[in-house]
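K.L.:
What follows is a predicted protein model with its sequence.
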Amino acid sequence: MMTRTAHPVAAAAALLDQPEVLLVGDAADVHAATNGLEQVDPDSFVTDRQRRRLEQRLARDPVAIEPELAGDPGAIEAEAVGDPGANEPETVGAVCLDATGVLAAATSTGGLTGQRRGRVGDSPLIGAGTWADRRVAVSCTGQGEAFIRAGAARLVAALVEQGHTLESAGHKALAAVAECGGSGGLIAVDVHGNVTTPLSTAAMPRGVWRAGEKPISTVP
Ligand code: ASP
């Protein structure tokens with residue numbers, strides 16, 4: 001988890017020419033800073049809306065606030081034992097096919113509201129919430145634990161490899177997520193420029209922008 005880097009996806013991009021695939025914690029922020037990426041006060045990521053959501057969550061669900069945060073009205077982290085499904089996801093994902101046929105995917109998230117300290121969701125895990133190879137790029141959102149158990153993003157790619165259409169692969173991957181007890185959505189593009197954006201939740205604002213065309217957005 002990064003806490004000071006303003007643009008985490010830029011930090012991930014700055015890792016592409018390194019031998020490592022995944023950096024976490026302070027070392028990831030140091031990596032970003034070393035690459036000239038903007039560092040900010042961690043409090044600047046806290047929005048009034050998110051704070052309100054956490055307060056509502058704390059009022060609704062049984063939680064054990066971490067001792068050092070108890071009594072601190074500014075505390076935004078808590079140990080939650082409630083249902084992560086009550087969360088309204090805030091993840092932002094992007095998938096891209098460039099003019100040379102290269103595919104890329106990125107997923108940036110603050111995780112689930114009220115999540116347990118130390119929890120890692122699917123978004124940063126390659127193969128779970130994010131995947132790109134020579135055939136397909138995928139970014140997921142939803143209840144991360146189910147996406148991790150289903151290996152959802154890589155599953156889309158595997159199904160495409162096996163001959164499924166991108167659309168069918170997306171639906172099958174969400175069905176696998178449902179079997180693992182979760183819901184959510186994903187966006188995917190393949191090397192032919194096909195796009196699919198299936199969801200098993202009430203809403204997932206999304207858009208498609210093809211070169212030379214007007215962007216199209218869909219809500220929910
Ligand atoms: N998938 C993310 C997680 O579980 C949450 C989200 O999509 O907003 O951390």
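P.N.:
That came through fine.

K.L.:
Which residue ranges of the chain form helices?
P.N.:
Remark: helices assigned in the chain by DSSP state H are 8-13, 25-34, 48-60, 144-150, 152-161, 166-179.

K.L.:
Would you format the ones you listed as JSON lines with distance to Arg135, mean neighbour count and mean pLDDT included?
P.N.:
For every residue, glycine as well, the C-beta is placed using N, CA and C. Below are these laid out as JSON lines (distance: least, CB to CB, whole Å; neighbours: other CB atoms under 10 Å; pLDDT from 0 to 100):
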{"stretch": "helix 8-13", "distance to Arg135": "21", "mean neighbour count": "18", "mean pLDDT": "94"}
{"stretch": "helix 25-34", "distance to Arg135": "28", "mean neighbour count": "16", "mean pLDDT": "96"}
{"stretch": "helix 48-60", "distance to Arg135": "36", "mean neighbour count": "13", "mean pLDDT": "86"}
{"stretch": "helix 144-150", "distance to Arg135": "19", "mean neighbour count": "23", "mean pLDDT": "98"}
{"stretch": "helix 152-161", "distance to Arg135": "5", "mean neighbour count": "23", "mean pLDDT": "98"}
{"stretch": "helix 166-179", "distance to Arg135": "9", "mean neighbour count": "20", "mean pLDDT": "98"}
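
K.L.:
Determine which of those approaches the ligand most closely.
P.N.:
helix 144-150 (2.3 Å; CB to the nearest ligand atom).

K.L.:
helices and strands of this protein: which one has the lowest mean pLDDT?
P.N.:
Least confident element among the helices and strands of the chain, by mean pLDDT, DSSP states H and E: strand 79-80 (a mean of 32).

K.L.:
got CSV for the helices of the chain, with distance to Pro220 too?
P.N.:
Converted to CSV, the helices of the chain look like this (distance: least, CB to CB, whole Å):
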stretch, distance to Pro220
helix 8-13, 24
helix 25-34, 33
helix 48-60, 18
helix 144-150, 19
helix 152-161, 20
helix 166-179, 15
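
K.L.:
TSV for those, including distance to the ligand?
P.N.:
Output for the helices of the chain, formatted as TSV (distance: least, CB to the nearest ligand atom, whole Å):
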stretch	distance to the ligand
helix 8-13	13
helix 25-34	16
helix 48-60	12
helix 144-150	2
helix 152-161	10
helix 166-179	10
